[in-house]
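**Student:** only geometry, no sequence info:
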Ligand SMILES: [Zn+2]
C-alpha cells in the first residue's frame, strides 16, 4: 500500500467513526451553505388575487389582515360545503368584505343516487350562482371513487354531466377540475418515490394499485374541455401535470377555453425554473395565481419570492409534510406577466 492510500484509509475511518451512516431520513435536515442573494418580498408587486384557496375554517377578519399585509386584493374561497352550508359560507365572507372574497361552489354528490340527480345539479348551479357563487369545483372523487346508482364508476367525461357544463357556459362561470394528483401518488410508497415522506405521512393520498391510471383520468377530463368549447374551465394545480409542462402547454394550445392555476405547485414549478419560466412567458394570459395553502404572511411571501425574484435554492411554500426533498428557484417574471398572473386573468373569470 502506498503512503498516500494509507493516509486516505485512515482519514475515511476517522470520518465514518464520527458520522452516523444510517441516519434516519427524518433526521437528515441539511442546511444549505450557499451564499446567494436573498430578496424577501413583503407584498406582491401588483395587487394579487389568490384564485385557489379554502377558507371555510378561517375567520374572515383574520384572513383580511393577512391579505392587507401581503397585498392580496382578493381570495377566491373554494368552499367544500354544499347545500345551505355553502350558502352560509358565501354570506359569511360577503358580510365581511364582498370586494375581497369570492366563492367557488363545490359539486354536491350527496343525493347522486336519487332519481333526477343530473338535472337537479343543473338547477343547483343556477341557484348557487344567483346566491353569489362564481364557479363550480369538481374534485378528484369524480373518476376515482364516485359510483352511479348502477354501481358503475362515474367517469369524468360522463355524458350525463354535459348539461351542467353547458349551464356554466350560459351563466358565464368557470368549472374548476381537480382531476387526479401528482404523478408520484400513482407509484409505490418506497425508497424510489420522490414524495416518500409526504406519502408516508398521508398514505391515504396514494392511488398506487388502483384500477385506473392517471393518464386515463386526464384523458377523460381533457375530453370534457373539447366537448364544451363555450364553457370556461380551470384545470387546478397546473392541470395536475406540472411534472410535464410540455403536456400542459399543448393542452392550453388545444383548448382556448382553458386556464390553469398554480395552487400547491410552486415546488414543482420552482425546481424546473428554465422550463417553468418559458411556460409562464408563453401562457401568461392563461395562468392564475393560487396557493391552496392556509393564508399566512410567510406562505404568500415565498410565492412572491418564487414569482418575482431571481433568488436561488430556497424553501418552497408547503403544507407541514412538505412535497419532496428539493428547493426552488425564482422565476423573475417580467411585470406584464406578473400583472396577468396575479390579477388580470382572474378578473376575466370573476363576475364584473
Ligand atoms: Zn384546493
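**Tutor:** Now that the structure is in, tell me what you want to look at. Predicted, not measured: the structure shown is a model, and the values here were computed from it.
**Student:** burial of residue 19, as a residue count?
**Tutor:** Other residues near residue 19 come to 7 when the count uses other Cβ atoms under 10 Å. (Glycine included, C-beta is placed from N, CA and C.)
**Student:** Same check on the one 3 residues further on?
**Tutor:** Taking other Cβ under 10 Å as the neighbour definition, residue 22 ends up with a count of 4.
**Student:** can you check residue 179 too?
**Tutor:** Residue 179: 24 surrounding residues under other Cβ under 10 Å.
**Student:** Assumed it was part of a strand.
**Tutor:** No. Checked against DSSP: H, G, I helix; E, B strand; the rest coil, residue 179 lies outside a strand; its state is coil.
**Student:** Any idea how many residues pack against residue 344?
**Tutor:** Residue 344 - counted by other Cβ under 10 Å - has 15 other residues nearby.
**Student:** Can you tell me the closest non-neighbouring residue to it?
**Tutor:** residue 285 (8.0 Å; Cβ to Cβ, 6 or more residues apart in numbering).
**Student:** my guess is that neighbour meets residue 345, correct?
**Tutor:** Yes. With contacts counted by Cβ atoms under 8 Å, residue 285 reaches residue 345, the gap being 6.1 Å.
**Student:** okay, those two: which has more neighbours?
**Tutor:** residue 345 (23 against 14).
**Student:** what's in contact with the host helix or strand of the more buried one?
**Tutor:** Using DSSP states H and E, residue 345 sits within helix 345-349. Contacts to helix 345-349, defined as Cβ atoms under 8 Å, 6 or more residues apart in numbering, come from residues 49, 51, 74, 76, 134-135, 174, 232, 234, 259, 285-289.
**Student:** Could you pull up phi and psi at the residue nearest to residue 344?
**Tutor:** The phi/psi pair for residue 285 (degrees, to the nearest 10) reads phi -90, psi 10.
**Student:** and it, what does it touch?
**Tutor:** Contact analysis of residue 285 by Cβ under 8 Å, 6+ apart lists 340, 344-345.
**Student:** Closest one of those to residue 263?
**Tutor:** residue 345 (13.7 Å; Cβ to Cβ).
**Student:** picking up where we left off before, among the contacts of helix 345-349, name the ones in strands.
**Tutor:** 49, 51, 74, 76, 134-135, 234, 259, 287-288 (DSSP state E).
**Student:** can you redo those residues as a markdown table with neighbour count and pLDDT?
**Tutor:** Listed next are these as a markdown table, based on neighbours: other Cβ atoms under 10 Å; pLDDT from 0 to 100:
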| residue | neighbour count | pLDDT |
| --- | --- | --- |
| 49 | 24 | 98 |
| 51 | 33 | 98 |
| 74 | 20 | 98 |
| 76 | 25 | 98 |
| 134 | 20 | 98 |
| 135 | 26 | 98 |
| 234 | 27 | 98 |
| 259 | 24 | 99 |
| 287 | 24 | 99 |
| 288 | 26 | 99 |
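**Student:** Residue 339 contacts residue 47, correct?
**Tutor:** No. Using Cβ under 8 Å, residue 339 is not in contact with residue 47; the gap is 9.3 Å.
**Student:** More neighbours: these two, which one.
**Tutor:** Ranked by neighbour count (other Cβ under 10 Å), residue 339 and residue 47 place residue 339 first, with 17 against 13.
**Student:** can you list contacts of the helix or strand where the more buried one lies?
**Tutor:** Here residue 339 sits within helix 335-339, counting by DSSP H and E. Applying Cβ under 8 Å, 6+ apart, the contact partners of helix 335-339 are 45-46, 280-281, 284, 307-308.
**Student:** Now with 10 Å, please.
**Tutor:** Among residues not part of helix 335-339, those counted as contacts by Cβ atoms under 10 Å, 6 or more residues apart in numbering are 44-48, 277, 280-281, 283-285, 287, 289, 304, 307-308, 331-333, 344-345.
**Student:** Narrow those to those that are buried.
**Tutor:** 44, 46, 48, 277, 280, 283-284, 287, 289, 304, 307-308, 331, 333, 345 (16 or more other Cβ atoms under 10 Å).
**Student:** So which bits of the helix holding residue 339 are buried?
**Tutor:** For helix 335-339, by 16+ other Cβ under 10 Å, it's 337-339.
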